[in-house]
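> model this:
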Amino acid sequence: MAHSTGSKGNLKSGLIDFTAGSLGGIAVVYVGQPLDTVKVKMQTFPHLYKGMFHCLKQTLHNDGIIRGLYAGTTPAIMANVAENSVLFAAYGYCQKFVCNVIGTEVKITPLQLTQQIFKQYGIQGLFRGLVPTIMREMPGYFFFFGGYEGTRELLAKPGQSKDEIGFVKTMIAGAVGGLVLWTVIFPSDVIKSRIQISNKSQKFLTVGMDIIKKEGVLALYNGLKPTLVRTIPATAVLFVVYEYSKKFMHQSFGD
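Have a look, this model is predicted:
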């Protein structure tokens with residue numbers, strides 16, 4: 001009986017984490033999507049933009065807010081919900097298998113884009129960039145959660161639990177986790193974006209070396225500024241929504 005009760009409790013806790021992670025995934029898209037669009041454009045079309053503000057201005061001028069800065073919101077939400085629900089349920093054991101390409105120069109619906117990729121490249125086309133994504137995510141989330149948990153510990157007062165640090169300090173810890181994550185993994189993210197828009201199969205290291213040879217080492221950091229600016233509010237909101245929705249559900253349904 002005790003084992004059965006414990007199993008039910010673990011299942012309920014897992015479902016709460018899963019739901020809270022999903023809510024956080026939705027929130028982070030709406031907060032961070034505009035600058036994520038800018039980031040992807042600067043990574044994949046660096047010759048078109050002089051910097052973050054130029055890219056932002058051009059996107060607004062050419063496509064507006066909804067079709068420009070929020071292009072690809074639906075697949076981004078689907079990817080983030082899928083990623084964060086599992087990510088936070090596991091909380092540290094993450095491997096991402098959902099990739100999305102957003103903010104490109106082509107005006108197309110997610111369904112049309114999927115059909116076009118499948119027709120032209122087959123099922124493997126939907127997984128282009130998977131290897132660099134895995135190479136990015138596996139070490140990335142070590143730093144992500146390490147930065148978040150470490151900051152929570154530092155911000156906790158003597159004798160205070162890290163779960164009791166409050167709303168503002170939780171946001172600060174989330175922002176620090178995001179900053180550490182993207183600073184570490186950004187070169188891999190640039191390579192991933194280049195592979196995803198390529199018309200041919202390319203190896204991760206080959207693409208990376210080609211970028212360095214033709215554009216210089218700093219090209220691996222194209223789009224870093226909007227990414228860091230975006231990640232401060234986005235990951236702050238992510239962790240606040242996760243922590244507080246989880247707390248609310250535990251209180252509502254019992255521990």
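> tell me which helix or strand Glu148 sits in.
Residue 148: Tyr, not Glu. helix 130-155 (DSSP states H and E).
> for the helix or strand following that helix, which positions count as buried?
Reading on from helix 130-155 to the C-terminus, the next helix or strand found by DSSP H and E is helix 167-197. The neighbour-count check on helix 167-197 (16 or more other CB atoms under 10 Å) flags 169-182, 184-197 as buried. Placement of C-beta: from N, CA and C, glycine included.
> which strands or helices does helix 167-197 pack on?
In terms of contacts (3 or more CB pairs under 8 Å, 6 or more residues apart in numbering; DSSP states H and E), helix 167-197 is packed against helix 2-44, helix 130-155, helix 204-215, helix 224-253.
> can you flag the weakest of those by average pLDDT?
Here the helices and strands packed on helix 167-197 differ in mean pLDDT, and the lowest is helix 2-44 at a mean of 70.
> contacts for the next helix or strand after that one, please.
Downstream of helix 2-44, the next assigned helix or strand under DSSP H and E is helix 52-63. With CB atoms under 8 Å, 6 or more residues apart in numbering as the test, helix 52-63 has contacts from 34-35, 37-38, 41-42, 48-49, 68-69, 71, 103, 107, 223, 225-226, 229.
> and the angle from helix 52-63 to helix 224-253?
80 degrees (axes from the mean of the first three to the mean of the last three CA atoms, to 10 degrees).
> alpha carbons only: can I get helix 52-63 in PDB?
Provided in PDB are the C-alpha atoms of helix 52-63 (Å, rounded to 0.1, in the frame of the first residue of the first chain):
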ATOM      1  CA  MET A  52      20.800  44.000 -33.800                       C
ATOM      2  CA  PHE A  53      18.900  47.300 -34.100                       C
ATOM      3  CA  HIS A  54      19.300  47.400 -37.800                       C
ATOM      4  CA  CYS A  55      17.900  43.900 -38.100                       C
ATOM      5  CA  LEU A  56      15.000  44.800 -35.700                       C
ATOM      6  CA  LYS A  57      14.200  47.900 -37.700                       C
ATOM      7  CA  GLN A  58      14.300  46.200 -41.100                       C
ATOM      8  CA  THR A  59      12.100  43.300 -39.800                       C
ATOM      9  CA  LEU A  60       9.500  45.800 -38.500                       C
ATOM     10  CA  HIS A  61       9.700  47.900 -41.600                       C
ATOM     11  CA  ASN A  62       9.300  45.000 -44.000                       C
ATOM     12  CA  ASP A  63       7.000  42.600 -42.200                       C
END
